[in-house]
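**Student:** quick one: sequence and predicted model below, then my questions.
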Protein chains: 2
Amino acid sequence: MSAKRLSRRDAVLDAAISTLAANPNASLAEIAAAAGIGRATLHRYFGSRHGLLNEVARRALRDVDEAAAGIPYDDLSPAQMLQAVLEAVIPLGDRYYFLSTMAPSHDPEIVAASERQSRELADMVEALKAGGVFASDVPTRWAATTLDAMIWAGWAAVGKGDVARNDVVDLAYRTIVLGLGRNQ
Amino acid sequence: MSAKRLSRRDAVLDAAISTLAANPNASLAEIAAAAGIGRATLHRYFGSRHGLLNEVARRALRDVDEAAAGIPYDDLSPAQMLQAVLEAVIPLGDRYYFLSTMAPSHDPEIVAASERQSRELADMVEALKAGGVFASDVPTRWAATTLDAMIWAGWAAVGKGDVARNDVVDLAYRTIVLGLGRNQ
DNA sequence: CTCAAATGAGACATAGATGTATCATTTTTG
DNA sequence: CAAAAATGATACATCTATGTCTCATTTGAG
């Protein structure tokens, strides 16, 4: 049963992320209802609201890590790498949103992992600059800000129905590459 | 006294927007403390939390309208118009954030005003396309999404200290114009 | 199939937020 | 200055969310 229970846990965490992304004030009762389980079971799984938020944050961090780890960086040009990252990460826009707005900032482990991911994003920006994809005079922090914003905005636009799911990566890619690239 | 009281009301609304932008779950006690007034006075002014959120939304809509109204559209090229809009609106990023995430969606007047502002943004995108600033093959909804995202991201980046206040408009302008522009 | 584990539903106590009322004090108005 | 209005502090009742517990029922393992 442990395997099944694990997958159920994951499903509950998924529902929690969706619900919280739609309404950051969602109560545990709403989250439990969205997950299709009883409120008592939610407490059995995660103890407290704090425990739930903690696990959601860890799950979000892990999802982003796994998506990034699946990219064959060595076989790709810098531009292809950017495209692959967008392809992998835009569907995780709700994770991004959760981490940047309501992640528990008390847990040092979560803070450390968030900072590591920010650092990795900055490293990618530097690589894109070195590879000539981004202009060298664009500040790295601004480029990273823009990437984050496009990832979340792309995900949100799909959710609102403003952009087709199959178009969003190309649109975001084009906007980023031209917007931060060297204007030849 | 009415003038003074009005300005005080405005100051309280300002504090409420700041506090709520930092923490959407902020209690009325926190908001009152941030505004430097007693919790009872907050109730005297706005009745209930719902009433406060309502007034904050109206204030945010009005601020954006006023900022937009101060722009001399007729004397500006399309590109200058975009720059002027960014200059006027990025400092209102917290208003934007509030309106897009926690505005009361029950009040038809607020919903209507929000929709009108979205329409005006879309109209500006069309004007920028017609003026050759934006590429004609960029979907209008995506361009509007990108503008919104850059406004909020720019404001947030200044708040986090990632970008200098005096740089953010130029950075956002460049990123938008190149990102959505015709790649010549 | 049988039994142990897990679950859902509900009761319950508690804590925090909200809304109302009161009163002494301060501020504004005339 | 004197009256009126507004404010802050406080007390109070209420409501909601949270966390714990129990028990009948369901589910899964052996």
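**Tutor:** Cool, the structure landed.
**Student:** name the nearest residue to the residue of chain A found nearest chain B, ignoring sequence neighbours.
**Tutor:** Residue of chain A nearest chain B, by Cβ to the nearest Cβ: A:G179 (2.6 Å). Placement of C-beta: from N, CA and C, glycine included. In space, A:G179 comes closest to B:G179 once its chain neighbours are excluded; the distance is 2.6 Å by Cβ to Cβ, 6 or more residues apart in numbering or on different chains.
**Student:** for that neighbour, give its distance to A:A113.
**Tutor:** 30 Å (Cβ to Cβ, to the nearest Å).
**Student:** for stretch A:60-71, buried residues please.
**Tutor:** By 16 or more other Cβ atoms under 10 Å in any protein chain shown, the buried positions in stretch A:60-71 come out as A:60-61, A:63-64, A:67-68, A:71.
**Student:** in helices, which of those appear?
**Tutor:** A:60-61, A:63-64, A:67-68 (DSSP state H).
**Student:** give me the below-cutoff pLDDT ranges for chain A.
**Tutor:** Applying pLDDT under 70 to chain A picks out residues A:1-6, A:184.
**Student:** next, name the residue at the spatial heart of chain A.
**Tutor:** Centroid-nearest residue in chain A: A:Y96, 3.1 Å away (criterion: Cα atoms, centre = their mean).
**Student:** quick one, the helix or strand that one falls within and helix B:93-101 angle?
**Tutor:** Assigned by DSSP states H and E, A:Y96 falls within helix A:93-101. Per axes from the mean of the first three to the mean of the last three Cα atoms, to 10 degrees, the angle that helix A:93-101 makes with helix B:93-101 is 140 degrees.
**Student:** next helix or strand past helix A:93-101?
**Tutor:** Next along the chain after helix A:93-101, taking DSSP H and E as the criterion, comes helix A:108-130.
**Student:** contact residues of chain A facing chain B?
**Tutor:** Residues of chain A lying close to chain B by Cβ under 8 Å from any Cβ of the partner chain are A:24-25, A:138-139, A:141-142, A:144-146, A:148-150, A:152-154, A:156-157, A:162-163, A:167, A:171, A:174-176, A:178-181, A:183.
**Student:** now the nearest residue to A:D107 once chain neighbours are set aside. Its backbone dihedrals?
**Tutor:** Nearest residue to A:D107, sequence neighbours excluded (Cβ to Cβ, 6+ apart): A:N54, at 6.0 Å. A:N54 adopts backbone torsions of phi -60, psi -50, taken as degrees, to the nearest 10.
**Student:** hmm, A:N54 is touching A:I110, no?
**Tutor:** Yes - counting by Cβ atoms under 8 Å, A:N54 does reach A:I110; the two are 7.1 Å apart.
**Student:** where do the contact lists of these two overlap?
**Tutor:** Counting by Cβ atoms under 8 Å, 6 or more residues apart in numbering or on different chains, the common neighbours of A:N54 and A:I110 are A:P104.
**Student:** residues in contact with A:G161?
**Tutor:** By Cβ under 8 Å, 6+ apart, A:G161 has no neighbours at all.
**Student:** switch the cut-off to 10 Å
**Tutor:** By Cβ atoms under 10 Å, 6 or more residues apart in numbering or on different chains, A:G161 lies in contact with B:R141.
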